[in-house]
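Asker: give me coordinates for this.
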Amino acid sequence: MKTPSLIFLLTAGLLLSAPAVEILQVPSPDNTSSLMIDKSGRRDVLQLRSGVKVVRLLYDDIDSLKPYLARAYEVPVTKLEKITLPTYKSAKWLSPTELQIECSSAVGIGDDERDFNFTAVVDNSGKLVSATIAKIAPPPKAGTKSKPATKSKSKKTKRED
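Answerer: Predicted structure coming up:
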């Protein structure tokens with residue numbers, strides 16, 4: 001009697017400790033392709049599925065964003081360092097063959113790391129067609145002091161009773 005209940009408890013414990021898998025799917029208008037977004041790990045995994053063909057987006061070809069980043073930050077492409085893997089925000093199909101994806105990421109420029117949002121248009125083979133970069137203002141540096149707010153001096157008037 002103890003063995004079946006022990007097996008049940010062990011199985012239930014393993015099932016409860018398993019991480020939840022969160023996969024979003026954005027099907028194309030003609031349902032021949034779909035964007036699969038796996039948000040269960042540290043970084044979002046974007047995959048374009050077309051039949052049995054699976055292409056991971058913005059992973060091996062993440063450096064294809066560098067010309068767009070160089071133009072946005074007005075620096076040479078050679079000054080741009082590693083681009084962090086993007087975090088998914090939204091996606092929509094522009095046509096059965098073109099997908100628009102909005103993400104956020106960061107890039108190293110010299111000693112600084114700059115955050116940015118981008119909108120990428122990819123074709124159904126996974127190739128980057130175009131991208132638009134939106135810079136995010138960097139947070140204030142810890143070493144700089146901000147001016148303290150000055151209180152306005154108001155004149156005190158005597159109340160007449």
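Asker: now the spatially most central residue of the chain: closest residue in space, sequence neighbours ignored.
Answerer: The centroid of the chain falls nearest to T87 when counting by Cα atoms, centre = their mean (1.7 Å). For T87, ignoring the flanking residues on the chain, the nearest one in space by Cβ to Cβ, 6 or more residues apart in numbering is S104 at 5.0 Å. (C-beta placed from N, C-alpha, C; glycine too.)
Asker: which element is that neighbour on?
Answerer: Using DSSP states H and E, S104 falls within strand 98-109.
Asker: note down every partner strand of whichever helix or strand comes after that strand and its orientation.
Answerer: Remark: after strand 98-109, the chain's next helix or strand is strand 112-123, criterion DSSP H and E. When pairing is defined by DSSP bridges, strand 112-123 lines up against strand 98-109 (antiparallel), strand 128-135 (antiparallel).
Asker: just the CA trace of the helix or strand containing L69, in CSV.
Answerer: For L69, the enclosing helix or strand under DSSP H and E is helix 66-73. Presented in CSV, the C-alpha positions along helix 66-73 are these (Å, rounded to 0.1, in the frame of the first residue of the first chain):
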residue,chain,number,x,y,z
LYS,A,66,24.3,46.6,-37.2
PRO,A,67,24.0,48.8,-40.3
TYR,A,68,20.6,50.1,-39.0
LEU,A,69,22.1,50.6,-35.5
ALA,A,70,25.1,52.5,-36.9
ARG,A,71,22.8,54.8,-38.8
ALA,A,72,20.6,55.4,-35.7
TYR,A,73,23.5,56.0,-33.3
